[in-house]
Every structure is written in structure tokens, then in C-alpha cells.
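Visitor: Below is the structure, and that's it, no one-letter string:
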């Protein structure tokens, strides 16, 4: 008996009568997501490899304006923190390297102000005693230049003071952080020196040599007139000039020794005001008031003496000329008078 054979179903034919199976394609959404992911990876690679280093490279340039000198310190990932360079004022665009740190310091004239009018640039009045023990308040200004042209000095200064912070109006601040930072540095480092210098030099003179009216406070009211006629400018200006010169000399000699760096040059001190204690000022006011009273009394006495002499001279003239006396009497009579009868029954009548 013959065996029945089964035939294998025919496979579908391909396009144009060709035979074989069709390829299976992934869904369109999956292909699109893969391309986006690949694009993001490529963009990230380009960003990391090109754009970020490019920005960092472009940021590694700076220039100093006309009022500042810039000390540049290394700050790269593999660098040390030493000073790289010092850029002078009015420089052109200068390469400072990747991630370096810039410390700008002032190159123009600066000052340290001691004043009763407090602001961002001033410090409190310094009270120091004079030779005769009067505690006076001193107001003035120290002017100086910064030794910015010497790169070695600027480097040493930044090593010693640019890596620290100082108490400022809003907390700790660096010396190179704008005008507030520089003022905070000066106040912290020079405050005691300025007070010591002023104490030493003001202590060599008496109060009356600085303020002439101080002599009134030591005198009684009876002595006020004699004291007040003293020329207030006789020694005051000369003494003040001498104090300024002595302060300049002492400050110039000591400032860089205190700082340890020759950073401040050509210091000049200008004394603007001497403020007296209230009790001394009150005594001066009382003495001046007493002097004013004495002066007024002396003026009245002098007027009375002059009037008496005038009356005596007038009476002597009338004695020599009785008719003159009658003439003066007639001149002094009021206008509109109709009757004038001098004599025993003296009569004056009018309209």
C-alpha cells in the first residue's frame, strides 16, 4: 500500500516574484529615540571637550584699569596657590591662566580719615591728652600713596595681607575686595599706630598752644579780660604745623615697620580740628561771658567819664558866656511855644 506524503506549504514569494522571507523592521518610535539619545551623547562630548575649556580659556584674561594694580595667584586644578604675576595699572589684555584668582589693590592716592562725622571712609575721633592733661579729640586725615610699581613689594604684601580677612561693616572682608575691603584693612592694621603717634606728639604741647581759648578755662572770671586779649594766632598755627610735621615723621618711620612691607609711601598728615571736652568748653564759655560783662561795664564807665567831662566843659563855657547859655536854652525850647518869661516867676506857655 503506497504511503501518502504531505507537501510542505509553499513560502510566500518576495517582491517581483522572488522567493524568501521579508526582513522584520523595528518600530519607527524606537529608532527615533535612539537617534535622540545618540545626539545628546555627542553634544555632551562636544561640550565637555570643547566649549567648557574654551570658556575657561577666554576667562583666563584680564586687564587693570587706571586706579588698580592686580596681583594674580594660581588657581588651576593642578597648580599651586603661589603668585603668578603682577599686572600694572592701565595694562592691555593679559593672560592670567586658567582659574587664576585676581586680587586688585588701589594704585591711586588713598587716605586714613579720623573724624567725628562717621562714614564709610572715616574712623572715630581719637582722644589723646595734651601736656597739661586736657583730653582733646583729634580730627585729621593721613594721605599716602601705594607702592604699586614694585612687583616684589606687591607680592609680599598680598602674601601677608591679601590671604586674610578683616572686620568690615557687613562682616569679614578681604583687603582687595573694593574700597570697603581696603578701608577695613587700614582700620585693622593702622588704627593703633595712628593713635600712638598722635598721643606722643599731642602730649608734647599744651592745650592753649593748640586752641588759644584753652587759656580761659584756667583763669577766673576776674582774669578773663587779661587772658582774652592774648592773640589767638600767636602760637597756634606754628604749633599745629609743628605737630603735623612731627606726626608725619613718626608715621613715616613706623608705618612700614608695623606692616612689615614697604607698601605705603609718602604719608602726609593734615590736622583739621581739635575738639575740647565739654567741661573745658563750658569753662571757656563762662569765662568769655564774664569777659563780655566786664567789657560792657568798662564801656559804660568810659561813656560816663566822657559825658561828665563834656558837661564840665559846657558849664565852663556858660560861665564865661552867660548869653551863650540863654541862646542854647532858646534853641532847646519846643516848637509852637508862645510865651517864655524867665525870672522869678518863670513861665512857659504854648498854644
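Guide: That came through, no problem. What you see is a predicted model; the values in this text were computed from it and never measured. Residues are numbered from 1 along each chain as shown.
Visitor: quick one: contacts for the nearest residue to residue 262 once chain neighbours are set aside?
Guide: Nearest residue to residue 262 in three dimensions, chain neighbours excluded: residue 256, at 4.8 Å (C-beta to C-beta, 6 or more residues apart in numbering). C-beta coordinates here come from the backbone N, C-alpha and C atoms, glycine included. Remark: with contacts taken as C-beta atoms under 8 Å, 6 or more residues apart in numbering, residue 256 is in contact with 262, 263, 264.
Visitor: and what of residue 239?
Guide: Applying C-beta under 8 Å, 6+ apart, one finds that residue 239 lies in contact with 205, 209, 210.
Visitor: Quick check: it is in a helix.
Guide: Yes. Using DSSP: H, G, I helix; E, B strand; the rest coil, the secondary structure at residue 239 is a helix.
Visitor: Could you list the low-pLDDT ranges of this protein?
Guide: Counting by pLDDT under 70, the chain shows low-confidence ranges at 1-33, 45-59, 116-123, 217-236, 287-301, 336-351.
Visitor: Now do the strands in it.
Guide: Taking DSSP state E to define them, one finds strands in the chain at 61-62, 68-73, 83-87, 94-95, 101-106, 110-114, 122-123, 126-129, 135-146, 165-168, 171-174, 264-275, 337-341, 347-350.
Visitor: Of those strands, which stretch is the most buried?
Guide: Ranked by average neighbour count under the criterion mean count of other C-beta atoms under 10 Å, those are headed by strand 68-73 at a mean of 22.
Visitor: For it, report the contacting residues that lie outside it.
Guide: With contacts defined as C-beta under 8 Å, 6+ apart, strand 68-73 is touched by 62, 64, 81-89, 91, 96-97, 100-107, 146, 148, 154-155, 158, 162, 176.
Visitor: in the stretch 101-250 of the chain, which spans are helices?
Guide: 151-157, 178-202, 207-210, 214-217, 221-228, 236-259 (DSSP state H, counting those that start in this stretch).
Visitor: Sorry, wrong one. I was asking about the stretch 251-351 of the chain.
Guide: Under the criterion DSSP H, counting those that start in this stretch, the stretch 251-351 of the chain carries helices at the ranges 278-320, 322-332.
Visitor: Serialize those to TSV and add fields for mean neighbour count.
Guide: Converted to TSV, these look like this (neighbours: other C-beta atoms under 10 Å):
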stretch	mean neighbour count
helix 278-320	12
helix 322-332	11
